[in-house]
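[1] with the sequence up front, the predicted model follows.
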Amino acid sequence: MRILIINGPNLNFLGIRDRAVYGEKDYAHLVGMIEEKAARDGIEAECFQSNHEGELIDRIQQAYADGTSGIVINPGALTHYSYALYDALGSYDTIPMVEVHISDINSRDEFRKKSVTAPACNKQIVGHGLDGYLEAMDFIMSYWDKKHSCV
């Protein structure tokens, strides 16, 4: 199983940007958490981060053909206005996708409460800190376990 974890704009600034909201741990710590979980669970995880919408879309489209089993995505601010990202996520329904937000976007600025990308995903996890990524990985593994147990 191969899970792709995509992080959008400013996620590379974890531990630097707005620590009261996003915490003290940096992006390298997040990647380490994901890699440790993948190793424990015997799966492959790839972390991809870009501050550029087009690069995120290209990587989502590449996942269609590269053996990706599921996508975990934190679109950052693109969550609230990127219909192009929504279209890329919604282009195919062959793999599960989970939108993750470190903070509880529903209790923040009014503009952050609306996600245009979440409807293209199977699940949204908000406000669980960095652990939300691990929960999303569990969801994807469970999705495939259930799918294969029904065959």
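    Perfect, I can see it now.
[2] thought Tyr143 was touching Gly70?
    Yes. Using Cβ atoms under 8 Å, Tyr143 makes contact with Gly70 at a distance of 6.9 Å. Where you see a C-beta, it was placed from the backbone N, CA and C, and this is true even at glycine.
[3] so for the two, which sits in the more crowded spot?
    Between Tyr143 and Gly70, counted using other Cβ atoms under 10 Å, Gly70 has the larger neighbour count: 24 against 18.
[4] is the closest residue to that one other than its chain neighbours within a helix or a strand, and which one?
    Of all residues not flanking Gly70 in the chain, Ile140 sits nearest, at 3.4 Å (Cβ to Cβ, 6 or more residues apart in numbering). When secondary structure is defined by DSSP states H and E, Ile140 falls within helix 131-149.
[5] show me what that helix is packed up against.
    If contacts are counted by 3 or more Cβ pairs under 8 Å, 6 or more residues apart in numbering; DSSP states H and E, helix 131-149 sits against strand 2-7, helix 27-41, strand 70-74, strand 97-101, strand 123-126.
[6] how about CSV for the ones you listed, with distance to Leu89 and mean pLDDT added?
    What follows is these, written out as CSV (distance: least, Cβ to Cβ, whole Å; pLDDT from 0 to 100):
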stretch, distance to Leu89, mean pLDDT
strand 2-7, 10, 98
helix 27-41, 19, 98
strand 70-74, 7, 98
strand 97-101, 6, 98
strand 123-126, 12, 97
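[7] for these, give me JSON lines that also has distance to Lys113.
    As requested, the helices and strands packed on helix 131-149 are exported to JSON lines (distance: least, Cβ to Cβ, whole Å):
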{"stretch": "strand 2-7", "distance to Lys113": "21"}
{"stretch": "helix 27-41", "distance to Lys113": "24"}
{"stretch": "strand 70-74", "distance to Lys113": "16"}
{"stretch": "strand 97-101", "distance to Lys113": "11"}
{"stretch": "strand 123-126", "distance to Lys113": "10"}
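[8] tell me which of these sits nearest to Leu134.
    Between Leu134 and the helices and strands packed on helix 131-149, the shortest separation by Cβ to Cβ is 5.3 Å, and it involves helix 27-41.
[9] ok, the residue nearest to Gly70 to Ile60 distance?
    Computed as Cβ to Cβ, to the nearest Å, the Ile140 to Ile60 distance reads 15 Å.
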